[in-house]
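Asks: Provided below are the primary sequence and the corresponding predicted coordinates.
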Amino acid sequence: MKPVDFEYTAPRSVDEALALLARWGSDATILAGGQSLIPLLAARTVRPRCVIDINRIAELDVIGEDAGGLRIGAAVRQADCEASPLVRRVCPLLVAAIGWIASLPVRNRGTVVGNLAQRNAISQISTVAVALGARLRIAAANGSERTVAAESFVDANSPATLGPAELVLDCWFPGLAPGTAWGFYEVQRRAAHYALVSAAVTYARGPSGNVTAVRVAASGLAARPLRLAGVEAAIDGRAATPALFCAAAQRAFDDPVVEPIDDIHATAAYRRAVAPTIVERAFLAAAS
Amino acid sequence: MSAMVRIRVEVNGSPHADTVAPRLLLCDYVGETLALTGTHVACSVGTCGACTILLDGRPVRSCLMLAVQADGCAITTVESLGTEADLHPIQRAFHEQQGLQCGFCTPGLLLSVASFLAEHPNPSDDEIVAMLGGHLCRCTGYRNILRAVRAAAESIAAASVA
């Protein structure tokens, strides 16, 4: 398979990349990790006139601690996040989720921000971003900058959230306070394949040992990962026990937006049947 | 036609310079331009692992990169490992443990295993199985590959002690 003929540019700075976007507009496509884009190019589903490769922009290949969280640049690879002592300390939930993505050779190239930019409904990184309340910083060719909540950015049903002359600079993930319990779990048809349903959980333990500040998001139940408010309400303030997690996970369908994905990988009925178990196991992983 | 791009790479230890079309995939650069035909291409979407090579020592899917992206990098392919007369310890282990049948997936596997054993000289079965998740083999059922990786780890460890 061969992509269509295109111009190739590898800018060295964000300003240079934005100038190229201004010039080429919707005729350009941004190449980050390429693990989703290259097959689309090879199949000619995507036919750009110019590919702007952001892998050589050093200022985007930075993981920084910022405002109690992590700012992960658009050129940072998933495997580098997994191996980063800073990410492991500040946001171990993200490290656990990345470990479920495809295989190491794919994670060696794939980027965290590029994964979010795909707006794939079953993305593990999106699930964590929704659970924690991550935010993306987006620059435009006209010099303006805006910040968007990951929860609205990753919605596959929403109109394009990224303009043709815009570039995602980074994603900020809130850090987990010391002592925060966290867990990630998912089911796949086989190892290194797509998630059918995944769940990301964090909670704190109050002075009495009861669970507080519960956050749980799951993928596979809608066109984007959803916060499961019903599950959170059923657990908040109570003592963390396996029986509570099991009972609360049944509330995964409280949200009227829930309409499990039905595709070649799994039926909606299967996802509906398996979702409470996946949510329960994410809580059990958090408790252990 | 778009402008051709000059790239400089190190291929199995030797410097190379080539002029390539931007749309040339890295797997096609390796197989056609460099004529290193040991790197196989099957799924072309990064799932099967057959085309895995090492880029600056790390396993990557050569079907999921453009050749121009490898500019300045070191490429390692299966041809760097051993020869028929003098197999690499990982190749010898695959041969002795029957870790292959048709052999199509083997070049990618060998490079993933080489990188994996460099970082996990004494791997657990769980670690080996997790690594093998990135490679599809339709012949062996993986049991012999698992044995081969264990045997390769032992033979490399024994050689480093001797």
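Replies: Perfect, I can see it now.

Asks: can you give me the helices for the stretch 1-150 of chain A?
Replies: A:14-24, A:37-42, A:78-83, A:85-90, A:92-98, A:104-107, A:112-117, A:124-132, A:150-153 (DSSP state H, counting those that start in this stretch).

Asks: highest average neighbour count across these?
Replies: helix A:124-132 (a mean of 28; mean count of other Cβ atoms under 10 Å in any protein chain shown). All C-beta spots, glycine's among them, are computed from the backbone N, C-alpha and C.

Asks: Please work out which residues outside it touch it.
Replies: A:78, A:91, A:93-94, A:97-98, A:100-101, A:112, A:115-116, A:119-120, A:134, A:150-151, A:154, A:171, A:173-174, A:184, A:186, A:195, A:198-202, A:215-219, A:224-227 (Cβ atoms under 8 Å, 6 or more residues apart in numbering or on different chains).

Asks: Just these: which are in strands?
Replies: Among those, the members falling in strands (DSSP state E) are A:171, A:173-174, A:184, A:186, A:195, A:198-202, A:215-219, A:226-227.

Asks: which among the residues you listed end up buried?
Replies: Those of those that meet the buried threshold are A:171, A:173-174, A:184, A:186, A:195, A:198-202, A:215-219, A:226-227, by 16 or more other Cβ atoms under 10 Å in any protein chain shown.

Asks: Which parts of the chain belong to which domain?
Replies: Because you didn't say which chain, this covers chain A. A:7-54, A:62-169, A:181-287 (automatic domain parsing).

Asks: that's the wrong chain, I meant chain B
Replies: B:5-80, B:89-161.

Asks: Redo these as CSV? Include distance to chain A, mean neighbour count and mean pLDDT.
Replies: Listed next are the domains of chain B as CSV, based on distance: least, Cβ to the nearest Cβ, whole Å; neighbours: other Cβ atoms under 10 Å in any protein chain shown; pLDDT from 0 to 100:
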stretch, distance to chain A, mean neighbour count, mean pLDDT
domain B:5-80, 3, 20, 98
domain B:89-161, 3, 18, 96
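
Asks: Who are the contact partners of residue 87?
Replies: All of this refers to chain A. A:63, A:70, A:72, A:81, A:94-95.

Asks: right idea, wrong chain: chain B
Replies: Applying Cβ under 8 Å, 6+ apart, the residues near residue B:87 are B:81, B:95.

Asks: And the residue of chain A most remote from its centre, how far from residue A:240?
Replies: Distance from the centre of chain A peaks at residue A:208, with 33.1 Å (Cα atoms, centre = their mean). According to Cβ to Cβ, to the nearest Å, residue A:208 and residue A:240 sit 11 Å apart.

Asks: Correct me if wrong: residue A:223 contacts residue A:157.
Replies: Yes: using Cβ atoms under 8 Å, residue A:223 and residue A:157 qualify as a contacting pair, with a distance of 4.1 Å.

Asks: ok, those two, which is more surrounded?
Replies: Between residue A:223 and residue A:157, counted using other Cβ atoms under 10 Å in any protein chain shown, residue A:223 has the larger neighbour count: 15 against 9.

Asks: Return the residues in contact with that one.
Replies: Taking Cβ under 8 Å, 6+ apart, one finds A:121, A:155-157, A:261 in contact with residue A:223.

Asks: Which of these are buried? Put it as a PyMOL command.
Replies: The following PyMOL line selects those of those that are buried, judged by 16+ other Cβ under 10 Å:
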select buried, chain A and resi 121+155+261
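
Asks: okay if I get the contacts of residue A:223 as JSON lines plus pLDDT?
Replies: Below are the contacts of residue A:223 laid out as JSON lines (pLDDT from 0 to 100):
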{"residue": "A:121", "pLDDT": "92"}
{"residue": "A:155", "pLDDT": "87"}
{"residue": "A:156", "pLDDT": "76"}
{"residue": "A:157", "pLDDT": "78"}
{"residue": "A:261", "pLDDT": "96"}
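
Asks: Give me the nearest residue to residue B:6, chain neighbours excluded.
Replies: residue B:19 (5.4 Å; Cβ to Cβ, 6 or more residues apart in numbering or on different chains).

Asks: ignore the last one, residue B:131
Replies: residue B:116 (4.9 Å).

Asks: Next, the most centrally placed residue in chain B: secondary structure please.
Replies: The centre of chain B sits closest to residue B:111, judged by Cα atoms, centre = their mean, with a distance of 3.1 Å. Classification of residue B:111 using DSSP: H, G, I helix; E, B strand; the rest coil returns helix.

Asks: give the contact list for it.
Replies: Contacts of residue B:111 by Cβ under 8 Å, 6+ apart are B:52-54, B:59, B:76-78, B:81.

Asks: Which members of the residues you listed are positioned in helices?
Replies: Within the contacts of residue B:111, no residue falls in helices by DSSP state H.

Asks: Please list the residues of chain A that sit near chain B.
Replies: Taking Cβ under 8 Å from any Cβ of the partner chain as the contact definition, chain A meets chain B at A:1-8, A:10, A:31, A:34-35, A:38-39, A:41-42, A:51, A:53, A:55, A:79, A:102-106, A:108-109, A:190-193.

Asks: What's the nearest residue in the stretch 151-288 of chain A when you look at chain B?
Replies: The stretch 151-288 of chain A approaches chain B most closely through residue A:191 (3.3 Å), counting by Cβ to the nearest Cβ.

Asks: about what we covered before: from the contacts of residue A:223, which single one is nearest residue B:37?
Replies: Nearest to residue B:37 out of the contacts of residue A:223 is residue A:121 (Cβ to Cβ; 39.1 Å).

Asks: Return the list of helices and strands in contact with the longest helix along chain B.
Replies: Using DSSP H, we find that the single longest helix of chain B is helix B:143-161. Applying 3 or more Cβ pairs under 8 Å, 6 or more residues apart in numbering or on different chains; DSSP states H and E, we find helix B:143-161 packed against helix B:89-96, helix B:106-119, helix B:125-132.

Asks: Buried residues of the longest helix along chain A, list them for me.
Replies: Secondary structure of chain A per DSSP H: the longest helix is helix A:268-287. Across helix A:268-287, burial judged by 16+ other Cβ under 10 Å covers A:270-272, A:274-287.

Asks: In this structure the residue of the stretch 151-288 of chain A closest to chain B contacts residue B:131, no?
Replies: No: if you go by Cβ under 8 Å, residue A:191 and residue B:131 don't touch, sitting 10.0 Å apart.

Asks: Residue A:68 contacts residue A:173, correct?
Replies: No: with contact defined as Cβ under 8 Å, residue A:68 does not reach residue A:173; the gap is 10.3 Å.

Asks: re the thing from before, could I get the contacts of residue A:87 as CSV with pLDDT?
Replies: Listed next are those as CSV, based on pLDDT from 0 to 100:
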residue, pLDDT
A:63, 98
A:70, 98
A:72, 98
A:81, 98
A:94, 98
A:95, 98
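
Asks: Perfect, that will be all.
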